[in-house]
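J.: pasting the structure only:
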């Protein structure tokens, strides 16, 4: 089957007839809902660019399963070059959408599951890996979007899943049948849940004995019976449903998160990839998180490019582009943004081949990458607000710009300091607003903080991966720790102690 | 006249019948408009606390003009103790409103004008100071709110006011009459413009020869003919006009900025405090800015207290309050917040008596204070987002929390990890959202950046105030610069050079 | 008795015939030892400035015990004005010495003990306070330097003093006699130990039951039998004993630390101020630390002034003073340095009167002050190194500058870019080196980190002092926590949960 | 010829009989001078590791000129893999020496000259490239160390080389002869100058018309007539010549910088690689700097490993390793250190093939790498000082540790909190001291700041490389800049302006 056009993608999404709730009510024509559509446009962009020859190298890959060209989002990485290209594809999409484009979660899920299912089979003699390969082939052949679903509501952080007062606070198997399993629970903060064809579920943490029913991974169609979605609110979300687009800042693209609920959902065995193998749940979480932490080195630097460009434009339109402090702040923004990208590239270039044959990022550097992502976008945003000036948060509405009484006055006093029309000055300030304290800030700031794991999660991984013993040994050798004092040039006597 | 009650204040504001435009249309009953009212509530709080005995020491002061107790916002500082109390009053109000409460601008304006009018009179033999004292007495006696208006649209930053293509880009005198002056122009980013009784206008920068008509300062009633307001948009502003208050985060209080337009406004001479004295325009700007930079050490640390408290509550409700990294982040937030307060206190305690008899803050430390304000609230906000968790930006709307289908599921999965109802967990997350990427972020972040002058303005002042020559002399003395080489212990010979 | 001249001070110090070990040997004429003398010069400066009329306001205070003018270092603070003056005196001395001047420890010790002895007496009916007042009067009348000694070696951090394998790892009472006590142990890192007339010992931490012998405070002459000192090494210390002074950077002044050993030292009862009152040991530590954390807002900003001046001179001599990035870095250095000073002033201005009648700093702000001191000098130093340029660490020795063969070449190639002789360019670079990676860095960096308690100690205090409950209450009020849902405008129904 | 043993290297260096001045006198047996030898040991380590099979992959490369295995330091990079291996080799050597190991400058010089000489020949028809290839083959075949010399004294920064009052302030051709050229001038801050066999000279900046004699590049033996060296002082340098090694911290290894003087030095034509081609001088500087900025991502992260290990050991020996804040600081140090490494890897992995066939790093990312190096080692050092504790700068000398009177007391009070002898606790603290404020800090801090160009140099390159126009275009597209207002959904009318 050929790669879908963006229009075909949107139609296929509409055909699913998903059960989505927004502001307390079920949304009917969600692909045309003005608050939801911008997030669908992001995914559509992943289809659009895949069909453009100039981006083929980044957007497409040759499937190791079929030998066909497939969208890289459905590809299993076969080399470090693939890993680097993934990051560059993500930067490209961040640049084109100025937003979280939401399709990475599924890509990172299939790449994590690919090696974990292989290793479960090696250890347990199961056949998860073959099932899973079939599923990946299906995604590739049908050119589908899969969402990866990991984060459970978790309830009391001090208790294991099976000890919670409500057993559903972690998604779990409630019934094992001959033909499949029945699951119950929820996945929270699901980026892109409502614009995916498929949902891939994974456990949220390493599971221990007694929590076998919670060590579960599977895939389902997004419209499987019992599945429904409660759409999350974003800062300034309702600007998208206002009459005009100027005040939105980024009118075409946006992010999306939902609370996804599984009310006794049936999953046939051939779509189950883990069902009780607690000893592999930790590896699955770590690998998915690792891939996703790499991702942020790409997508966030792409969005960063847009914000840097917007700040530079704002400086132009404000008439201050030549001030040395403005130029220096733009350098700093670029410096920080490229550091994120560098970390994304580095963990990719240092990737390793897994037993299953696919390639995985360097775990330490991927966590370092994400840890920087929890910091630098905030500073880039701060600098953008500095450059943009106060008008960003005090300027009148679009209605005032075009109002009979107010319009001429707004035009008179807020004119841009160049040939650009005033309306464009306001547009770019609205874009900076969008990315720093508006709807886009959800993706650029908060998601940078918590997506793919909160900062502390990376610190734990860095602590684990840093090989402190090796570093201590290096220091011991240089400091001469343990070297006999007699061996010193001066033959000093051994110290004794006073009691 | 007695101190107004909050209700009397609101009524007096309604009586003004201000001409305010919002979303392109004139607002009729603005004191009851749900989008505007929260900002009016902030000012009302300055009246409410002034009547509470427990806050009398901070909220009231004894007028040096009348000997009566007056609201400190209308007081001319008579001591460093007054200056310190000002900062503490501002912290208190920040704590009570969790918002910019908008009444400081006028206070800082009258204190700057007090000394500058005195000095103009000393130099020029004019009688501005007496006029101005009468005006201050009027504000005190009538218990009125004055707004200070300084920032002009400015147009091309490289040109002086009189050389702009449109002469109105800086507010200026268009006619000098026997009974007064006529002015034209605009003031942008006017915090609290639409909830003040009076407007005090000041020039926006030091003026040079040729720009005499732009060196103008005066006061007018907020409803003077020819004055009207275009209300600025804020992030998430329309949540305030949604049906329920949960999603607002801070439903009672909020900030306000407007573009204030002066379409040929008449000002009688007894309300004019500068009209051409260009050599004093710079001092007026610096002093107003200095006082206002002090202010931020108070108000922003008060709002910081609310955000720190909200983050701590979020940690409680999320069930993670005991994690060492959470506790450490709260320490850091407090540390940064108290540093801001310390700078506000220090520039006050180091205040100096002016020739006019009033007290002014230490200029260097006030600029240092504000410079920190352009940084630390951003980091405090970042840490608050870290502690709050991703739910802050992915949680469903209030309608979903209470929806027939969705409500029980939201309740089930998002329950707070303590006796607190789930709705309260969402409330506190909405408050963190409000202050970090919502309507409150306009005041807590962007205003911290640009209010009272953008960061670079403080850097210029720090450079000017830092007395580098003294520091160089200290270093010279210690390094022995210029000390004859012969004077060295070793009597080393003087160096020569090879050609 | 009149205030001592610097020369009288040095002679009085020499007369003590202290037992000091350096490089494994007892030092005979320590006041003239080139490695030690610079630290003595610092104390001498506290005598010299005290006799200069222009500094009288800062350097002298009126004793509340005798009504006489005394050196402020021996004064008990009687007002917040005294507290502020203390900080300014410290900044002055930092500016004059470019070094830790070592006399603050004793000043902070007497001010802490003053209120604690009073409170012990109130609780226990003892007479420590009168004894201690006599002692302070003695210090004032004789114009003496006292060192404050707090830090024990501590051994195993997980065990209380009395449980250590070696009981001496915390200084303790080994015998209680009719005429006094005998103590044993050591105090480490003792700043200024070898240039003080008197030593005031305090416990190192809050003591618990069983550790009564460790809750001990007393004073002794620095040459008491059984007391001796092992002098600590500093970076570049031996440059002071090289033949010429150029390479020292700061040839006149420097810091000093020693390991002070108490080998069964007798203390008469009238010099004992705590002997077993474990419940007051914590307060003593906190108050001393609080005063000392205030101190750093003064002294380190004074040294910072010297480093800023040196960096500015280096920029002049390097010929790069006009570069915008250089100017901006100097602004940043000043900004950070003034923030430290502001914190020192603020905790002083917010000081409180203690039951004993003396004034104590605001504990929260004093800890905030010191926490900033653990950070900003490092950044100021980094910026100074940036401005100074690489020559700071690659330039030849003084001998090369004056060498027969090398001198003319060094002169030729390293000439300063102004009228200043090349030797002065090198002098100022050596001063920057001294303060950033040389002997002065011990005081400016490491002491800023660990003096008056390591960073974590301040964080613990900030956590304790921050009144989180109040902040949570503020947030609750604004977020509407606990407000009945029915009270909302929309009368939304109460949420229920799905099982 | 086979790879030299470390001993053979030292002998070959001794055989050169270099003219080195130290403390004003010529050094005779420099390879055995205790102050110089540690820096020679660093180079010796590059020979030692090259002969160990386990490091062969990193330390050796296959020469594209001869097909033989050569030391990678003399290799011309043939692939991005080579570039990545270079960074890893540098990290390894940083780990083994805990110091700047000084051999990178020559490696980066030959790789920059390789492509530039090729491009000069293409443009000018000269034969520099062949000459240069012969020279590289010579270095490889003879297994020699070359130093790269770039930085001139520069004099007045505002004047071009030929306009300086002293023409020698930039190294230049003073005579062009048939058999070669005669040059005069100096190169400052020359890392590793006195332990290299060969010196490769390059211009210090882009040259303009009139400065042809300054656009000169060539190589000479380190002992060429007219060349001599004035050895630079480092913090704590003389500890290396004290009687015992404990107080040195890193007794085996250290850095070295010298002022290298060219007093009319003859260079035969076959060793000249640029002589007047001003239009290529800028490219040579940029490429050398680019390679050298990459280098710092390797070597400094290697030294960082040692410092992290030392801090961790100090925590162990201090008995505080389990404190959560200590563990978190170690995580932070690792995080920052790995970010440096990631940037080094990224600019390598993104390397590009040059027309000459060799590979060059990505210029933007290499500059980003170095810019981080000007910051993070400072913060890592600060954290190390925090963990190490104050004892690092107050502990007694080695002589005191072993002194008859003092030894037992030092031993008693400073004992390590583990099975490790106290002497080892002191050793590791001395190592931390060495790297943070001692001799090692010259390499780890100041060189990180200024080596390979000061921070501002990287900012200029980042500004140039960041492609701001592309970023502005991205922002324009998303903000809808220039989109006709009519095209908006609401068909709002075009704004007009009031006059």
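T.: The structure has been received and is ready for your questions. Bear in mind the structure is a predicted one, so any value in this text is a computation, not a measurement. Numbering: from 1, shown residues only, chains lettered A, B, ... in the order given.
J.: which SS state does residue A:261 fall under?
T.: strand (DSSP: H, G, I helix; E, B strand; the rest coil).
J.: quick one, strands of the stretch 351-499 of chain A?
T.: A:352-353, A:359-360 (DSSP state E, counting those that start in this stretch).
J.: in the stretch 201-350 of chain A, which spans are strands?
T.: A:216-221, A:227-231, A:257-268, A:272-275.
J.: give me the angle between the third one and strand A:227-231.
T.: The one in question is strand A:257-268. With axes from the mean of the first three to the mean of the last three Cα atoms, to 10 degrees applied, the angle from strand A:257-268 to strand A:227-231 works out at 180 degrees.
J.: now for strand A:257-268, which elements pack on it?
T.: In terms of contacts (3 or more Cβ pairs under 8 Å, 6 or more residues apart in numbering or on different chains; DSSP states H and E), strand A:257-268 is packed against strand A:180-191, strand A:216-221, strand A:227-231, helix B:391-394, helix B:407-413. Any C-beta I mention is one placed from the backbone N, CA and C, and that applies to glycine too.
J.: tell me the buried residues in that strand?
T.: Going by neighbour count (16 or more other Cβ atoms under 10 Å in any protein chain shown), the buried part of strand A:257-268 is A:257-262, A:265-267.
J.: list just the nearest of these to chain D.
T.: residue A:257 (20.6 Å; Cβ to the nearest Cβ).
J.: look up phi and psi at the residue in the stretch 51-200 of chain A positioned nearest to chain C.
T.: Minimum separation of the stretch 51-200 of chain A from chain C (Cβ to the nearest Cβ) falls at residue A:166, amounting to 7.0 Å. In terms of degrees, to the nearest 10, the main-chain angles of residue A:166 are phi -110, psi 110.
J.: that one - how many residues pack around it?
T.: Neighbours of residue A:166 under the rule other Cβ atoms under 10 Å in any protein chain shown: 16.
J.: which element is residue A:14 on?
T.: Assigned by DSSP states H and E, residue A:14 belongs to helix A:6-15.
J.: now stretch A:221-233: mean pLDDT?
T.: Stretch A:221-233 comes out with an average pLDDT of 98.
J.: that one near chain C at all?
T.: No: Stretch A:221-233 lies out of reach of chain C by Cβ under 8 Å from any Cβ of the partner chain, never closer than 12.5 Å.
J.: and that stretch, which residues are buried?
T.: Buried residues in stretch A:221-233, counted by 16+ other Cβ under 10 Å: A:222, A:227-233.
J.: do stretch A:335-351 and chain C come into contact?
T.: No: Stretch A:335-351 lies apart from chain C when judged by Cβ under 8 Å from any Cβ; the minimum separation is 13.7 Å.
J.: burial measure for the residue of the stretch 151-300 of chain A found nearest chain D, as a count.
T.: Using Cβ to the nearest Cβ, the closest approach of the stretch 151-300 of chain A to chain D is made by residue A:244 at 4.2 Å. Residue A:244 has 19 neighbours, counted by other Cβ under 10 Å.
J.: so it makes contact with residue A:403?
T.: No: Residue A:244 is beyond contact range of residue A:403, at 11.9 Å (criterion: Cβ atoms under 8 Å).
J.: can you give me the helices in the stretch 51-200 of chain A?
T.: A:56-59, A:80-97, A:104-124, A:128-142 (DSSP state H, counting those that start in this stretch).
J.: what's the closest non-adjacent residue to residue A:65?
T.: Of all residues not flanking residue A:65 in the chain, residue A:137 sits nearest, at 4.9 Å (Cβ to Cβ, 6 or more residues apart in numbering or on different chains).
J.: so how many other residues sit close to the one you found?
T.: Residue A:137 is flanked by 16 other residues according to other Cβ under 10 Å.
J.: ok, it - contacts?
T.: Residue A:137 makes contacts with A:63, A:65-66, as judged by Cβ atoms under 8 Å, 6 or more residues apart in numbering or on different chains.
J.: and the gap between the residue lying closest to residue A:16 once chain neighbours are set aside and residue A:229?
T.: Spatially, and ignoring its direct neighbours in sequence, residue A:16 is nearest to residue A:223 (4.5 Å; Cβ to Cβ, 6+ apart). Computed as Cβ to Cβ, to the nearest Å, the residue A:223 to residue A:229 distance reads 10 Å.
J.: turn the helices and strands packed on strand A:257-268 into JSON lines, columns for distance to residue C:388.
T.: JSON lines is the format used below for these (distance: least, Cβ to Cβ, whole Å):
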{"stretch": "strand A:180-191", "distance to residue C:388": "48"}
{"stretch": "strand A:216-221", "distance to residue C:388": "58"}
{"stretch": "strand A:227-231", "distance to residue C:388": "57"}
{"stretch": "helix B:391-394", "distance to residue C:388": "45"}
{"stretch": "helix B:407-413", "distance to residue C:388": "58"}
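J.: most tightly surrounded among the ones you listed?
T.: Among the helices and strands packed on strand A:257-268, ranked by average contacts under mean count of other Cβ atoms under 10 Å in any protein chain shown, first place goes to helix B:391-394 (a mean of 27).
J.: does that one reach chain A?
T.: Yes: contact of helix B:391-394 with chain A (Cβ under 8 Å from any Cβ) involves B:391-394.
J.: what is the nearest of those residues to chain D?
T.: Closest approach to chain D among those (Cβ to the nearest Cβ): residue B:393, at 20.5 Å.
J.: I figured the closest one hits residue A:257, correct?
T.: Yes: when contacts are counted by Cβ under 8 Å, residue B:393 is listed as touching residue A:257 (7.1 Å).
J.: shared neighbours of the two, anything?
T.: Counting by Cβ under 8 Å, 6+ apart, the residues touching both residue B:393 and residue A:257 are A:232, A:234, A:442.
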